[in-house]
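Chemist: Next one to model:
(one chain, ligands or ions: 2)
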Amino acid sequence: MVSGTALIYDEEMTRYRLLWDYPVCSIEVPERLSVSYSELQIQGLVERCISVPVREATEEEILLAHSQDFLEAIKTTQNMDVEQLKAFASQFQDVYFHQNIYHCAKLALGATLQLVDAVMTKKVRNGIALVRPPGHHSQHSAANGFCIFNNVAIAALYAKKMFDLKRILIVDWDIHHGQGTQYFFEDDPSVLYFSWHRYENQEFWPNLPESDYSTVGKGKGAGFNVNVPWNKIGMQNSDYLSVFFHILLPMAYEFNPELVLISAGFDSAINDPEGKMCATPACFAHLTHLLMSLAEGKICAVLEGGYDLHSLSHCICHTVKAFLGDPVPHLLNISSPCDSALESIQNVRAVHQQHWAFLRSLPISMKHQNVNDDKKLEQFCNEEIHTSSPNYCPLPPKRTAVALLGEKIELPDRCLKINLDSVPSDEIWSFKDSTVEGQKDSLHLQKNLCSVMMKIFQKEVQNGLAAVPCLLEAIKAVLSFCTTCANSVSRILVLYLGDKDYPVSLEDDGNLLLIQMSTKKLKGRESKYHIPIFLPKEGNNVKGVLHALFSLILPVAYMYNPDLVVTALSCQSGVDKKILNQLTSLLQGLAEGQLLCLIHDPEVSFLEDTICSLLGDPILPVTDGVLQGEAIQEVEQQRQRLQEQWGILKTQVTRTE
Ligand SMILES: NCCCNCCCCCS
Ligand SMILES: [Zn+2]
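Modeler: Ligands and ions are numbered 1, 2, ... in the order given. Purely as a prediction, here's the structure:
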């Protein structure tokens, strides 16, 4: 099983800087790399990564994207004096040169390609290249916006050529539009380019009409270029997550990339002088985590922008920790996106409707700019940046506790098997009403669950799995355990995949959020905290689970922000096992990874797959037409009904009286 996170950095890339007075370029300083690398060391993350050396890119590699003339011209900067460098720079926009920048640009590109090699040859699972100069603004024959060679664009061209890849996803979460990258792949359906960027209706740099949502790609590439403009500053975690849930993730799963490249600019984080946005560093752990279930975890993050040294270094640490499989921190106060963000989301979904199955059957209309949602006018955010990052992060619990009822399977040694006889009897707690048929089963059930729960709450393991004779009884047992033994747990999310009516009447006090996916229309009252999701069956297969996951379950779960997640799944549910594994993986972004999987009548193979998901191992991509029309309608109606209570579900600007 492929594991390990590559960290590629060389201090040679700090050896160039601005040599004259040029204000717009003064923020691109060498300390961006050195301060970030030191923070990685302070947090003990360097030693946990696999260090991969940089190399110089070859001319052939540079020429994959750039013209010979451009390359020759850049070469000449090595022997220039400051005046000549200044004159040379004046032919381009917002970029400076230095006698050593050509060398560093070759190292930045070489580092990027080293990362692609390490991931594609399975030396590591994922990784990050800390490089400068950045790349996403540079074009065929032009340097631009601090960029010389387009590192990520060349990485995509290189990966296609060297590894014969047919589908590559580029996620550009830098706050500037990577117009350079867009130009390279505008008519290329094998590279899905996604970018969000500060735009302010073309008022913000690079002030291009083609950076707006209406640029969707050309010819065969139509639909494979996705621009999400931020027309206000001050965007927050909720705005970023909403774009992932309602645009990027459904598209990415439908596209099913073989490799994910992240143009990881962190000028989109709080306190950055360029972005003036409010998303916290912890948010980037979640953005990273949400992408890690694609392409069997093959992800290469390449540094682009990020100009506030404190914010940048913490964002990078959160990204690396997510790559390493560490629990991702709680995000607080997730709620409805602001109206300006909603308008952008609505417009992007409308203009891409004809290109993507998950959108095709929806009634979406364009909404033109008339929102003056002044909530975003404030320069800086009201919420403090959580800079109380631990100096030296203790190694997180990585083990998974597995308590199986009578099942005999080979467990990876990273698992903690709990055999029932060893559980001390005083750990047994009394059911309020144990209606589990058969004393033996109930005793076993109690022991089973109690021991796994204890291990999770004692932080001895991060998550757990229990095979149970009856899902509903097990859920009740877990809930009664939490109310009696675990007062640190105040909000529990239960995701139940099954057709039985949930027995107890649910108090709507918010301590429990039950989301029930069922193939039959469940009667009984639906409430804010009891969300039945009807999923139609086609033959023996349940369709629309992934769509429900992105459009409903994950957004509501993030807004609910549980302390524990419980999934109750049955093998016979007719849901594609690969989809259940995706669900198990993605839900680990909640509750700092405290997840308990209850499985009824488990097949051994499904148990093994679930254990892999719980261990954070790469999981197989979902391939067969993940999103079906009819099922989408059902989920869509549910989403419409719930969005008033769960604002994160909104995807359109709602008329305000
Ligand atoms: N404040 C507007 C001037 C922007 N100048 C270029 C920024 C390049 C960012 C690269 S990520
Ligand atoms: Zn940027």
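Chemist: near ligand 1, which residues of this protein?
Modeler: Residues of the chain found near ligand 1 (C-beta under 6 Å from any ligand atom) are 24, 94, 134, 137, 145-146, 174, 176, 205, 265, 267, 274, 304-305. To be clear about C-beta, it is placed using only N, CA and C from the backbone, and glycine gets the same treatment.
Chemist: Can you select the buried ones from these in ChimeraX?
Modeler: In ChimeraX, this line selects whichever of the residues of the chain next to ligand 1 come out buried by 16 or more other C-beta atoms under 10 Å:
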select :94,134,137,145,146,174,176,205,265,267,274,304,305
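Chemist: got the contact list for whichever residue of the chain sits closest to ligand 1?
Modeler: Residue nearest to ligand 1 within the chain (C-beta to the nearest ligand atom): G305, separated by 2.7 Å. Contacts for G305 (C-beta atoms under 8 Å, 6 or more residues apart in numbering) come out as P134, F146, D174, I175, H176, G265, F266, D267, D272, E274.
Chemist: tell me which element the first one is part of?
Modeler: Think P134. For P134, there is no enclosing helix or strand under DSSP states H and E.
Chemist: Check the gap between the nearest residue to it once chain neighbours are set aside and ligand 2 for me.
Modeler: Nearest residue to P134 in three dimensions, chain neighbours excluded: E304, at 4.3 Å (C-beta to C-beta, 6 or more residues apart in numbering). E304 sits 6 Å away from ligand 2, going by C-beta to the ion, to the nearest Å.
Chemist: Report the contact partners of E304.
Modeler: Going by C-beta under 8 Å, 6+ apart, E304 touches P134, G135, H136, V152, D172, D174, H176, G178, S263, A264, G265, D267.
Chemist: what about A591, how many neighbours?
Modeler: Neighbourhood size, A591 [other C-beta atoms under 10 Å]: 26.
Chemist: Phi first, then psi, for I492.
Modeler: Note on I492: its backbone torsions stand at phi -120, psi 130 [degrees, to the nearest 10].
Chemist: Identify all residues paired with it through a beta bridge.
Modeler: In this entry, I492 is beta-bridged to L512, L564, by DSSP bridges.
Chemist: Without its sequence neighbours, what residue ends up closest to the closest residue to ligand 2 within the stretch 451-600 of the chain?
Modeler: Closest to ligand 2 within the stretch 451-600 of the chain is G589: 25.2 Å, counting by C-beta to the ion. Excluding the flanking residues, the one nearest G589 by C-beta to C-beta, 6+ apart is H289, at 4.7 Å.
Chemist: Please look at that neighbour and V328 and confirm they touch.
Modeler: Yes: assessed by C-beta atoms under 8 Å, H289 is found in contact with V328 at 5.0 Å.
Chemist: what sits in contact with each of these two?
Modeler: Common neighbours of H289 and V328, using C-beta under 8 Å, 6+ apart, are A322, Q588, G589.
Chemist: list the contacts for the first one?
Modeler: In other words, A322. A322 neighbours (C-beta under 8 Å, 6+ apart): F284, A285, H286, T288, H289, M292, V328.
Chemist: how about 6 Å then?
Modeler: Each residue near A322 by C-beta atoms under 6 Å, 6 or more residues apart in numbering is listed here: A285, T288, H289, V328.
Chemist: May I ask which of the residues you listed has the most neighbours?
Modeler: Most neighbours among the contacts of A322, by other C-beta under 10 Å: T288, with 26 neighbours.
Chemist: pLDDT at that residue, what is it?
Modeler: Here the pLDDT value assigned to T288 is 98.
Chemist: In what element of secondary structure is it found?
Modeler: helix 281-291.
Chemist: Alpha carbons of that helix, in CSV - could you do that?
Modeler: This file holds the C-alpha atoms of helix 281-291, laid out as CSV (Å, rounded to 0.1, in the frame of the first residue of the first chain):
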residue,chain,number,x,y,z
PRO,A,281,-5.3,28.0,7.9
ALA,A,282,-7.2,25.1,9.3
CYS,A,283,-9.6,25.4,6.3
PHE,A,284,-6.8,24.3,4.1
ALA,A,285,-6.4,21.1,6.0
HIS,A,286,-10.0,20.4,5.0
LEU,A,287,-9.6,21.4,1.4
THR,A,288,-6.6,19.1,1.2
HIS,A,289,-8.5,16.3,3.0
LEU,A,290,-11.5,16.6,0.7
LEU,A,291,-9.3,16.0,-2.4
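Chemist: which parts of that helix are buried?
Modeler: Neighbour count says helix 281-291 has P281, A282, C283, F284, A285, H286, L287, T288, H289, L290, L291 buried, by 16+ other C-beta under 10 Å.
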